[in-house]
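Sharing a model prediction with you, sequence too.
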Amino acid sequence: MRKPISFFLIIFYFLLGNTVFGKSDLDIKKTFENNYLACSISLEAEPTCNGINEGKIIITLTPDSNCPNQDYTFELHNNSGNTNAEQPSSGLTINQYTYDGLGAGNYSVKVINNDNSCNCNSPLMPIEVTNLGDNIPTFEIISDNDNINCEVSSATLSIDPISDVTYEWKKMGVTDILGTNSSLTVMEGGKYILTVTNPDGCKKTDDLQILDLTNETPTASTTTNGPFDISNCNQGVAIDASSSTAVNGEPDFFWTGPDIDASNQNQSSINVATIGIYKLIVIDKISLCKDSLEVEVTSNITFPIADAGDDGEITCTNPQYELGSTQTSMGNNFSYNWSTTTGALSQPNIFNPSASNSGTYFLEVIDNNNSCKSFDTVSVTLNNTPPEISIDTSGVVEICNGDNITFTATSTDADEFDWLEAGTSTGETTNSISISEAGIYTVVGTNSSNGCSTTSNAIGVTILATPSLTIDSTELFIRNGEDFQFNGIFVPNNAEIFWEIENSNIVNIDTTQSQLNTQGMGIPSGQLFLVNERLFGKVIYSIYPELNGCSGEEIIASVTVLPEEDIFIPDLFTPNNDMVNDTWEVVFADMTKAKDYSAVIYSRSGAKVHEMTSLDGNAWTGDGCPDGVYYYYLKNNDGTDVIKGAVTILRN
């Protein structure tokens, strides 16, 4: 750093020959007359950095108040004996001068009072300019981009980081500090300067120029302004953009549009045959700036109409799907080309061929007059999967004659059904059928959405014979305590006989004493006893045959137990619909006689309330007659036997 040296000189002159400090006798004399030194001199040195000439020596001279407005000369002597004399401005109270651009080394300074009116001359005063050393390495600014252009909006300038220094970035012509790190990102062009300073104050600088190319925009243009009309589809129309210009050489071209592909998208001129909007972008190769234009290609010709028809499907009902539509242009001057990726068409050159496979079908219609083409596509799918169907029974099923069996079909997709017997429709169209006849049965299930059908598994139905039963007499009459047995019962071989009795069909029979069960197998027989020996009793049997699990038609047979009298006339009955003693019935020991008797019923007033011309199977229900005592009059047909008596109706 600075090293000040001050001399406060009081000089007493001695005669040293002809010169003193290089001055003449006259000078010395003038000086001598002023026998005191009337000034103060201060020297200050600033070091140089990194071995370059950046050092300074600053001379400050302060005259005494008695010697104002003096002129002085300053001399700087270096080690090589060279002298640099400078005369600052005169008349100053304080005279100061700086020698700069000095390299490191030993120097001497001499002050000369030009007026000699004041004694302010100095001897050679030594001072040293030191070298602080070369401790900032050499660096160079680099950038990731050499310029700012229309595609690159920034550039990052940097150096390799240096330890123990400070950074100061500036742009030439701008006083503001832009950054204090080893890197700086800039958004505009210009010269950028980096100053690196170490702790001693030594500095090094470098600069880098970044170009700003954002204004170097190309111009997109065509050689003609159009119109760009297509008059023939085979000829197309040319669009020439070779008149487009760029700041930096020829521009790059990039076209987009209906007829643009890799073969022509980068040409300056294109030839297209399809109407539409074509866009051109021209790019300056260096600045990457762009300009664009759009050209509309129109047509003054009529294109044919291509209508491949509506999308459709191939089904079991329609195994072929007709392509095309009457909206397609038709006539001798039109050609048709159909194609597909899933097979060939049998007639690919008509406007409406038929497709038998699924896939996408492509239609090309050509107007032979102007070579223009139109295109369309249609999609055909397959919908011909038959439904799955089965019957919930398999094999052969046996049923009894007169019985029914129900079969049910199950299916995932079928919604229509047709039941067949031996291949002939039965007329049943639901998913189930009730069968009572022998045969081989199947069901055809149809999916109505595509017409596809599937026939189910076959089910055989066999009708088992129903056995029949005959009996000589279905009515037996016995006395109280007698045995009975039905005779004349006949059934087919191997058939069995079963019988049942319902409790309501046992009237006035002592079930504990009688040989009586409610059901059994074989021919009914046994011994019956009356509960009330004055009343008749009755048991009604349901008898039926069975063979191979099939039951024949039942026969209702009854056993009537007669009281001891030859004729039994009830004197009381209860017509209250409880199925017990509900009617007034005359019972004969020999029931064949019942048909020979008649009966008339009278009220107590003598009015006839009921009459039966025959007692065979007839009984009085008491309908319309209130509870009370009534009188009967019985006689046989020849009048030889007359019986009179009373009977009471009691409902409650």
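In hand now; what should we look at?

can you map out the helices along the protein?
Counting by DSSP state H, residue ranges of the helices within the chain are 25-33.

tell me the domain boundaries of it?
Domain assignment for the chain, taken from automatic domain parsing, gives 5-129, 142-212, 228-299, 312-383, 389-464, 475-562, 567-649.

okay, how far is it across the third one, tip to tip?
In other words, domain 228-299. 8 Å (CA to CA, to the nearest Å).

Val152: how many residues sit nearby?
Val152 has 15 neighbours, counted by other CB atoms under 10 Å. C-beta coordinates here come from the backbone N, C-alpha and C atoms, glycine included.

That one and Ser143 touch, don't they?
No - if you go by CB atoms under 8 Å, Val152 and Ser143 don't touch, sitting 10.8 Å apart.

hmm, back to that, turn the domains of the chain into a markdown table, including distance to Thr219.
Converted to a markdown table, the domains of the chain look like this (distance: least, CB to CB, whole Å):
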| stretch | distance to Thr219 |
| --- | --- |
| domain 5-129 | 51 |
| domain 142-212 | 14 |
| domain 228-299 | 5 |
| domain 312-383 | 35 |
| domain 389-464 | 64 |
| domain 475-562 | 106 |
| domain 567-649 | 119 |
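
Going by mean pLDDT, which of those comes out lowest?
Here the lowest mean pLDDT among the domains of the chain goes to domain 5-129, at a mean of 64.

buried sites along stretch 625-645?
Residues 630, 632, 634-635 are the ones in stretch 625-645 that count as buried (16 or more other CB atoms under 10 Å).

If we only consider those, which is nearest to Leu382?
Nearest to Leu382 out of the buried residues of stretch 625-645 is Tyr630 (CB to CB; 89.8 Å).

is that closest one in a bridge, and if so with what?
Applying DSSP bridges to Tyr630 gives these bridge partners: Val647.

Please apply the same query to Asp206.
With DSSP bridges as the rule, Asp206 is bridged to Leu194.

circling back: which of the domains of the chain sits closest to Ala220?
Closest to Ala220 of the domains of the chain is domain 228-299 (CB to CB; 4.3 Å).

just to revisit the earlier point, can you tell me which of the domains of the chain is nearest to Pro218?
Minimum separation from Pro218 across the domains of the chain (CB to CB) falls at domain 228-299, 3.9 Å.

can you list the residues that contact stretch 329-341?
Stretch 329-341 is contacted by residues 304-306, 323, 328, 345, 348-351, 353, 355, 357, 359-369, 374 when judged by CB atoms under 8 Å, 6 or more residues apart in numbering.

Next one: Asn300 from Gly451, what distance?
Applying CB to CB, to the nearest Å, the value for Asn300 to Gly451 is 50 Å.

Quick check: beta-bridge partners of the closest residue to Glu416 other than its chain neighbours?
The shortest distance from Glu416 to any non-neighbouring residue, by CB to CB, 6 or more residues apart in numbering, is to Thr446 (4.1 Å). Following DSSP bridges, Thr446 is listed with bridge partners Glu416, Ser453.

In contact with Tyr631, which residues are there?
Counted by CB under 8 Å, 6+ apart, Tyr631 has contacts 601-604, 644-647.

And for Leu124, nearest residue in space, chain neighbours not counted?
Nearest non-adjacent residue to Leu124, counting by CB to CB, 6+ apart: Ser108, 4.1 Å away.

beta partners for the one you found?
Here Ser108, judged by DSSP bridges, has bridge partners His77, Pro126.

any idea how far it lies from Leu420?
139 Å.

what's the answer for Glu428, then?
Glu428 sits 9 Å away from Leu420, going by CB to CB.

ditto for Ile301
For Ile301, the distance to Leu420 - CB to CB - is 63 Å.

so Pro524 makes contact with Trp499?
Yes - look at Pro524 against Trp499 with CB under 8 Å: they come within range, at 5.1 Å.

shared neighbours of the two, anything?
Taking CB under 8 Å, 6+ apart as the contact rule, Pro524 and Trp499 both touch 541, 543.

more crowded one of the two?
Using other CB under 10 Å as the criterion, Pro524 and Trp499 rank with Pro524 on top: 23 against 20.

that older thread, can you tell which of the domains of the chain is closest to Asn135?
With CB to CB, the closest approach to Asn135 among the domains of the chain belongs to domain 142-212: 5.9 Å.

Off-centre distance for that closest one?
Domain 142-212 has its C-alpha centroid displaced from the chain centroid by 53 Å (CA atoms, centre = their mean, to the nearest Å).

now swap in stretch 415-431 and tell me
44 Å.

Check what contacts it and list those residues.
If you take CB under 8 Å, 6+ apart as the criterion, stretch 415-431 is touched by 407-411, 433, 437, 439-448, 455.

Flag every buried residue along that stretch.
Under the neighbour-count criterion of 16+ other CB under 10 Å, stretch 415-431 has 416-421, 426, 428, 431 buried.
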